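Q: Sequence first, predicted coordinates after that:
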Amino acid sequence: MCLIHLGTLLEAIELGIYNHVHGDGRETVVTNNAVKIRAEDGRSVISTDITPFIGELPGGKTTHEFTSEDASGSTSMAANIQEALELGKYSFKLVLALKFYKG
């Protein structure tokens, strides 16, 4: 069983979009259509379905058509991922490691 540090894997995925020197260890990592995702505390989110990442919010607020003028780090990251998926991006480097729990 091969164990790899998560940071090393994420860095390899991120750098996999660039050409590399043969033998530098990245021969098996190729990334196409990548986007870097970050949490944006305080960003505006309008009618975005974040249910794949967050099931319920405090106060019974729905995540099916989530809207906020001041989104938290976790809801903004969920919205950023969903928006990237809608644009057709398939590989992600999660800069801020957040765990999403479906409620």
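A: Sure thing, it's come through.

Q: Tell me how far residue 79 lies from residue 62.
A: To residue 62, residue 79 is 14 Å away according to Cβ to Cβ, to the nearest Å. Placement of C-beta: from N, CA and C, glycine included.

Q: cool, residue 86 as well?
A: 19 Å.

Q: So which of these two has more stuff around it?
A: Applying other Cβ atoms under 10 Å to residue 86 and residue 62 shows that residue 62 carries more neighbours, namely 13 against 10.

Q: which SSE is that one in?
A: Assigned by DSSP states H and E, residue 62 belongs to neither a helix nor a strand.

Q: buried set for the longest helix along the chain?
A: In the chain, assigned by DSSP state H, the helix with the most residues is helix 73-86. Of the residues in helix 73-86, 74, 75, 76, 77, 78, 79, 80, 81, 82, 84 count as buried by neighbour count, 16 or more other Cβ atoms under 10 Å.

Q: Next: stretch 10-30.
A: For stretch 10-30, a neighbour-count test (16+ other Cβ under 10 Å) marks 12, 13, 14, 16, 26 as buried.

Q: Dump that stretch to CSV, keeping only the CA atoms.
A: Below are the C-alpha coordinates for stretch 10-30, written out as CSV (Å, rounded to 0.1, in the frame of the first residue of the first chain):
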residue,chain,number,x,y,z
LEU,A,10,-2.8,18.3,-4.3
GLU,A,11,0.4,20.0,-5.5
ALA,A,12,1.0,17.4,-8.1
ILE,A,13,-2.6,17.8,-9.4
GLU,A,14,-2.2,21.6,-9.5
LEU,A,15,1.2,21.5,-11.3
GLY,A,16,0.0,18.7,-13.6
ILE,A,17,-1.3,21.3,-16.1
TYR,A,18,2.3,22.3,-17.0
ASN,A,19,4.9,20.5,-19.1
HIS,A,20,7.6,18.9,-17.0
VAL,A,21,11.0,17.4,-17.3
HIS,A,22,11.1,13.6,-17.9
GLY,A,23,12.1,11.9,-14.7
ASP,A,24,11.0,14.6,-12.2
GLY,A,25,8.3,12.3,-10.7
ARG,A,26,5.2,13.7,-12.4
GLU,A,27,5.0,11.3,-15.3
THR,A,28,1.7,9.8,-14.0
VAL,A,29,0.0,13.1,-13.1
VAL,A,30,-1.7,15.0,-15.9
